[in-house]
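>>> Dropping the sequence and predicted coords here.
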Amino acid sequence: MEYYRKLEGERLFLAPVRLEDADKFCHWFADAEIALNLTMFDRQMTKEREEAILSDMVKNNSQIFGIVLNEGEQLIGSCSLFDLDHSDRKAELGIMIGDKSCWNQGYGLEAIELLLDYGFNILNLNNIYLKVFDYNERALRCYRKAGFKEIGHHREARIIMGKKYDEIFMDILAAEFSKSRLLRHLS
C-alpha cells in the first residue's frame, strides 16, 4: 500500500502513519536496544494495542508521521508532535528510527528538521521540546545538531539494573530554527 507524502526531504519523506504498520512498530518496540531509548520498555505491545495507540494519537490532535525512505518507500520509523498546546504554541517531539540498518546515517536529523519546519511554519508553534535519557548519546548528538538546547534535568529518572540515569529536557524556539524547506516552495 502506498504512503501519502506529507513532508518531503532529500532522502526521505514523512507520511501519515497507517494502522497497517502497527505490526512493524510492535516488532521494533520488542527490540530491547530500541525500546530502552523510549519510555515504553516495560510495556507489552500487541498489534491491537499499538493500533489503539496510533488511533488515539490521531484522534487527540497529535501529528504522527511515518518516516519513509524515498527510494523503495521503506518505512524506517516514526516521529510526532504531541501534547499540542495551541494557546501557548508548544508541543513535544518524539522520534524513533526502528530500522537499525538506518541508524547513524542522518535520517533522524532529516526527519526532525522536516518536523520542526512543519511545527514552526505550518502549525505556528513557538516552542518544541523533548525528553531524552542521558545514556542515549546518539540521540543527544542529533538533537543538538538540529538546534535543541538543554533546559534541565530530571535527576535519576530511570533505573536500569540498579544504575540511575538522568532524563534531559531540551527545546528549540521558532526564532532559533532557520532550515525551512517548506518556505522555499512559497518563494
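Yep, it's here. Everything numeric here is computed off the predicted structure, so don't read it as measured data. Numbering: from 1, shown residues only.
>>> ok, which stretches of this protein are strands?
For the chain, the strands defined by DSSP state E cover 7-8, 12-16, 63-69, 75-85, 90-97, 127-133, 149-160, 163-173.
>>> closest to N37 out of those?
Nearest to N37 among the strands of the chain is strand 127-133 (6.8 Å), distances taken as CB to CB. Where C-beta positions appear, they are placed from N, C-alpha and C, glycine not excepted.
>>> Show me what the closest one is packed up against.
strand 90-97, helix 107-121, helix 137-146, strand 149-160, strand 163-173 (3 or more CB pairs under 8 Å, 6 or more residues apart in numbering; DSSP states H and E).
>>> Select, out of those, the one closest to I67.
Nearest of the helices and strands packed on strand 127-133 to I67, taken as CB to CB: helix 107-121 at 4.8 Å.
>>> ok, back up a step: CSV for the strands of the chain, including mean pLDDT, mean neighbour count and distance to L114?
Listed next are the strands of the chain as CSV, based on pLDDT from 0 to 100; neighbours: other CB atoms under 10 Å; distance: least, CB to CB, whole Å:
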stretch, mean pLDDT, mean neighbour count, distance to L114
strand 7-8, 94, 16, 4
strand 12-16, 95, 21, 5
strand 63-69, 95, 22, 8
strand 75-85, 95, 19, 8
strand 90-97, 97, 22, 11
strand 127-133, 97, 19, 12
strand 149-160, 95, 12, 20
strand 163-173, 97, 17, 14
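>>> Which one, of the ones you listed, ends up nearest to L38?
Among the strands of the chain, strand 90-97 sits nearest to L38 (CB to CB), with 6.4 Å.
>>> got the contact list for that closest one?
Applying CB atoms under 8 Å, 6 or more residues apart in numbering, the contact partners of strand 90-97 are 28, 34, 37-38, 63, 67, 76-85, 103, 107-108, 111-112, 115-116, 119, 123, 125-131.
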